[in-house]
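K.L.:
Here is my input; please provide its structure:
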Amino acid sequence: MEPFDVIVVGAGIQGCSTAYQLAIRGQRTLLLEQFDALHTRGSSHGASRITRMAYDRHHYAEMMKEAFPMWDEIEKEYGQQIFVRTGFLFVDVPGGDGQTTVERVLKRVNIPMETLDDEEFRRRYPMLRYSKSVKGTLERFGGILLADKARQCLQELFLKHGGTVKTNERVLHVQPGAIITVHTSKATYKARSVVLTVGAWASELVKSLGIELPLQLKRISVCYWRVDRPEDWDADHFPAYVDFSGKHHMYGVPVYEYPGLYKLCWHHGPTLTSPNERDQVDDSAAVHTVSQYIREHMAGMSDTPSIIEPCIYTCTPDNDFILDKHPNHSNIVIGAGFSGHGFKLAPVVGRILAALAIGEDTQYDMKPFKITRFGKTVTSSL
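P.N.:
Residues are numbered from 1 along each chain as shown. Next up is the predicted model:
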């Protein structure tokens with residue numbers, strides 16, 4: 001059988017985006033997934049993700065300027081809405097490092113914003129209560145991506161453009177070479193290049209290829225809380241937001257997914273030694289932290305979660321992604337460590353990984369995403 005041009009391993013949002021980008025470039029592409037197509041075991045499931053231009057790192061703000069129109073084009077081709085514009089609110093104390101940096105980056109990339117002093121902030125958002133002075137930066141481009149729908153959309157578009165998907169097929173071994181051999185639980189495939197986008201399973205798979213990556217897994221408890229007046233908190237009246245004003249960074253998504261329930265989460269959680277222990281770790285401390293935040297800052301919201309959905313972050317030490325080729329095998333590409341903020345950037349990430357796989361220019365400075373930034377990571381010459 002003729003080898004595939006590219007095999008993409010892992011059908012989370014980054015793998016689906018990469019496969020789609022390869023397919024629209026005419027590459028004969030296979031997308032492999034160890035679970036079912038829209039599984040809930042990793043990092044890409046769930047109904048929503050915050051999407052924003054407001055970043056404290058310039059390279060991501062620049063990428064988001066490209067990601068927004070790419071999502072628009074994907075949405076048009078799919079023919080269904082996958083993005084809901086709500087605006088995005090960044091909350092911090094006046095002069096806070098996070099907000100100062102975000103505003104500087106937004107100005108640098110020419111993104112309009114509105115600054116809300118403490119008085120104006122409290123007037124607009126009386127349901128958010130603070131005992132200290134706060135400041136808001138409102139960026140109107142932001143909103144929420146309908147996450148499950150976006151992943152399904154990219155899978156369907158990939159198939160439309162001639163791609164092949166194999167699910168419930170775990171990759172057991174990747175054998176390097178001029179033509180790469182991929183052994184799975186069901187079959188053996190060959191390809192000229194391979195892209196590995198396996199999320200929380202990245203450390204295990206790349207270790208078998210002679211690389212140690214400093215990735216840390218965290219269980220995130222995605223919590224939904226009942227509100228007294230849903231109309232005050234819905235996507236038409238309340239923005240997506242991130243709060244950097246205290247020691248615990250929180251993020252909130254307007255009432256949209258479940259009737260009468262607001263999504264509020266802590267951007268942190270207990271450490272995992274394996275993705276397979278996600279449901280065994282104790283998340284009570286994380287849930288308690290959000291409950292305490294609600295009691296202090298959210299008027300008209302229950303402090304007992306109605307729904308808790310688990311998710312996994314795969315984090316690098318600097319929270320920058322890994323988008324790079326294997327140091328010894330240029331036809332093996334690795335996309336990993338999306339650190340809880342990669343979903344919104346998936347169209348650009350997919351284009352970068354596709355370019356690396358077929359030898360095109362990525363059009364970006366790739367230094368922030370290199371494997372070599374961690375020092376010695378290659379443990380064998382495999």
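
K.L.:
how about the helices in the chain?
P.N.:
Secondary structure of the chain, counting by DSSP state H: helices at 13-24, 58-78, 97-108, 118-124, 147-160, 202-207, 230-233, 284-297, 346-358.

K.L.:
Now tell me what touches stretch 70-90 from outside.
P.N.:
Contacting residues not belonging to stretch 70-90 are listed as 20, 50-54, 98-99, 102, 125, 136-146, 149-150, 153-154, 156-157, 235, 238-242, 244, 254, 256, 347-348, 351 [CB atoms under 8 Å, 6 or more residues apart in numbering]. In this view, the C-beta of every residue, glycine as well, is placed from N, C-alpha and C.

K.L.:
Give the buried subset of the residues you listed as a ChimeraX selection command.
P.N.:
Of the contacts of stretch 70-90, the buried ones go into a single ChimeraX selection, burial set by 16 or more other CB atoms under 10 Å:
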select :20,50,51,52,53,54,98,99,102,125,136,137,138,139,141,142,143,144,145,146,149,150,153,154,156,157,235,238,239,240,241,242,244,254,256,347,348,351
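
K.L.:
Ile334: which of the helices of the chain is closest?
P.N.:
Closest to Ile334 of the helices of the chain, according to CB to CB: helix 202-207, at 6.2 Å.

K.L.:
Can you point out the buried residues in that closest one?
P.N.:
Burial within helix 202-207, assessed by neighbour count using 16+ other CB under 10 Å, is assigned to 202-203, 205-206.

K.L.:
Could you say which of the helices of the chain is packed most deeply?
P.N.:
helix 13-24 (a mean of 29; mean count of other CB atoms under 10 Å).

K.L.:
then it to PDB, C-alphas only?
P.N.:
These are the backbone C-alpha positions of helix 13-24, laid out as PDB (Å, rounded to 0.1, in the frame of the first residue of the first chain):
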ATOM      1  CA  ILE A  13      -8.500  20.000  18.600                       C
ATOM      2  CA  GLN A  14      -4.800  20.500  17.600                       C
ATOM      3  CA  GLY A  15      -4.700  17.200  15.700                       C
ATOM      4  CA  CYS A  16      -7.900  17.800  13.900                       C
ATOM      5  CA  SER A  17      -6.800  21.300  12.900                       C
ATOM      6  CA  THR A  18      -3.500  19.900  11.700                       C
ATOM      7  CA  ALA A  19      -5.100  17.100   9.700                       C
ATOM      8  CA  TYR A  20      -7.600  19.600   8.100                       C
ATOM      9  CA  GLN A  21      -4.700  22.000   7.200                       C
ATOM     10  CA  LEU A  22      -2.900  19.100   5.500                       C
ATOM     11  CA  ALA A  23      -6.000  17.900   3.700                       C
ATOM     12  CA  ILE A  24      -6.700  21.300   2.200                       C
END
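
K.L.:
which secondary structure elements does that helix contact?
P.N.:
The helices and strands touching helix 13-24, judged by 3 or more CB pairs under 8 Å, 6 or more residues apart in numbering; DSSP states H and E, are strand 4-9, strand 29-32, helix 147-160, strand 332-336, helix 346-358.

K.L.:
Pipe these into TSV and attach mean pLDDT and distance to Arg295 per row.
P.N.:
What follows is the helices and strands packed on helix 13-24, written out as TSV (pLDDT from 0 to 100; distance: least, CB to CB, whole Å):
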stretch	mean pLDDT	distance to Arg295
strand 4-9	98	44
strand 29-32	98	45
helix 147-160	98	28
strand 332-336	98	37
helix 346-358	98	35
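
K.L.:
could I get those as TSV with distance to Asn319?
P.N.:
Output for the helices and strands packed on helix 13-24, formatted as TSV (distance: least, CB to CB, whole Å):
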stretch	distance to Asn319
strand 4-9	23
strand 29-32	27
helix 147-160	20
strand 332-336	13
helix 346-358	15
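
K.L.:
mind checking which of these is nearest Lys107?
P.N.:
Counting by CB to CB, Lys107 lies closest to helix 346-358 out of the helices and strands packed on helix 13-24; the figure is 21.3 Å.

K.L.:
Can you spell out which helices and strands pack onto that closest one?
P.N.:
If contacts are counted by 3+ CB pairs under 8 Å, 6+ apart, helix 346-358 sits against strand 4-9, helix 13-24, helix 58-78, strand 188-196, strand 322-325, strand 332-336.
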